[in-house]
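Novice: Quick one, what's the 3D model for this:
(chains A and B)
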2 protein chains.
Amino acid sequence: MPARADNTEATSPALRTALGYYQAWTSHDIDKAMSYIADDIICDTPAGRLEGAEAYRGFMAPFVQIVTGAEMIAAFGDNETALVMYETRTVPVQSAPGAECVTVKDGKISYSRFIFDRAPFDAARAAGPAVDA
Amino acid sequence: MPARADNTEATSPALRTALGYYQAWTSHDIDKAMSYIADDIICDTPAGRLEGAEAYRGFMAPFVQIVTGAEMIAAFGDNETALVMYETRTVPVQSAPGAECVTVKDGKISYSRFIFDRAPFDAARAAGPAVDA
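Specialist: As a prediction, this is how the structure comes out:
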């Protein structure tokens, strides 16, 4: 059954997983976040495909470190699929919204399609000192 | 009531509007697409905020011209909000996915939050001849 986050999240297993994952990474808890990720996750990001949990962690961990705030814009789901859009504030980029469409199996995210705008991150990298300096 | 596109779109007024809009622009029918857009639409894009239908049309029309194909990845909605993610193929960029979260009032999109990756478009512009050449 389809469900939206604000009132009926309990009815969508996929959305419950997606929101647990979101809650973990926006709290900078990368280990908790990874507990929602399947070992054989496939994730299509703007920069290309990631395969496996270690590759996924290598992609997410640096991002989680620079996140200073986040808020959910909208979140929907049904049995197997969840679709979320959120705003984040990061050290190099003030407004960095993202959208994720995830497939959930047995409570873990097995596939993720991830969209965000790389342009302001590229610009920040070109303009300034290293983010982790 | 929340609804997902593949089976229950009729139950979400906002999703019905969002899908009508999507169907129109992916068919290159910009006039039909604009019939779903409120005169006073506000749209937050990666490049900044657009205010009003004319500004919105000025943003969408050039994009619609370069779209060669599209497919919906996921689409959900409830009474007032729809959230969609889709893949597009364009002349300069082979894979250009986007996500939109729209607020619908009286059958028209009054607010849109739009996410896509500008980086490959910037790269194509830097590398090649003008898209509309």
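Novice: residue ranges with poor pLDDT in chain A?
Specialist: For chain A, the stretches flagged by pLDDT under 70 are A:1-10, A:129-133.
Novice: at 80 what do you get?
Specialist: Across chain A, the ranges flagged by pLDDT under 80 are A:1-11, A:128-133.
Novice: Near chain B, which residues of chain A are found?
Specialist: By the rule Cβ under 8 Å from any Cβ of the partner chain, the part of chain A lying against chain B is A:2-4, A:8, A:46, A:73-78, A:81, A:83-85, A:97-99, A:101, A:113, A:115-120, A:122. Yep, even glycine has a C-beta here, placed from its N, CA and C like the rest.
Novice: now with 6 Å?
Specialist: A:2-4, A:46, A:73-74, A:76, A:78, A:81, A:83, A:85, A:97, A:99, A:101, A:115, A:117-119 (Cβ under 6 Å from any Cβ of the partner chain).
Novice: Buried ones among those residues?
Specialist: Among the residues of chain A next to chain B, those scoring as buried are A:2-4, A:46, A:73-74, A:76, A:78, A:81, A:83, A:85, A:97, A:99, A:101, A:115, A:117-119 (criterion: 16 or more other Cβ atoms under 10 Å in any protein chain shown).
Novice: what ranges do the strands span in chain A?
Specialist: Secondary structure of chain A (DSSP state E): strands at A:3-4, A:37-45, A:48-51, A:67-77, A:81-90, A:98-105, A:108-116.
Novice: Tell me which of those strands sits most buried.
Specialist: For these, the largest average neighbour count (mean count of other Cβ atoms under 10 Å in any protein chain shown) is found in strand A:3-4, namely a mean of 26.
Novice: I'd like the strands of chain A laid out as CSV, including distance to residue B:89.
Specialist: Formatted as CSV, those follow (distance: least, Cβ to Cβ, whole Å):
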stretch, distance to residue B:89
strand A:3-4, 30
strand A:37-45, 15
strand A:48-51, 17
strand A:67-77, 25
strand A:81-90, 21
strand A:98-105, 18
strand A:108-116, 15
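Novice: Quick one, which of these gets closest to residue B:106.
Specialist: strand A:67-77 (19.8 Å; Cβ to Cβ).
Novice: how many other residues sit next to the residue nearest to residue A:128 when sequence neighbours are not counted?
Specialist: Once flanking residues are discounted, residue A:128 sits nearest to residue A:92: 7.0 Å by Cβ to Cβ, 6 or more residues apart in numbering or on different chains. Neighbourhood size, residue A:92 [other Cβ atoms under 10 Å in any protein chain shown]: 16.
Novice: Quick check: residue A:92 touching residue A:122?
Specialist: No: the criterion here is Cβ atoms under 6 Å, and residue A:92 misses it with residue A:122 at 10.1 Å.
Novice: Against residue A:125, how distant is residue A:106?
Specialist: Using Cβ to Cβ, to the nearest Å, residue A:106 is found at 38 Å from residue A:125.
Novice: sorry, back to before: and the residue nearest to residue A:128, how close does it get to chain B?
Specialist: From residue A:92 across to chain B, the span is 15 Å (Cβ to the nearest Cβ, to the nearest Å).
Novice: How about residue A:32?
Specialist: Separation of residue A:32 from chain B (Cβ to the nearest Cβ) stands at 25 Å.
Novice: If you drop the residues flanking it in sequence, what lies closest to that residue?
Specialist: Nearest residue to residue A:32 in three dimensions, chain neighbours excluded: residue A:24, at 3.9 Å (Cβ to Cβ, 6+ apart).
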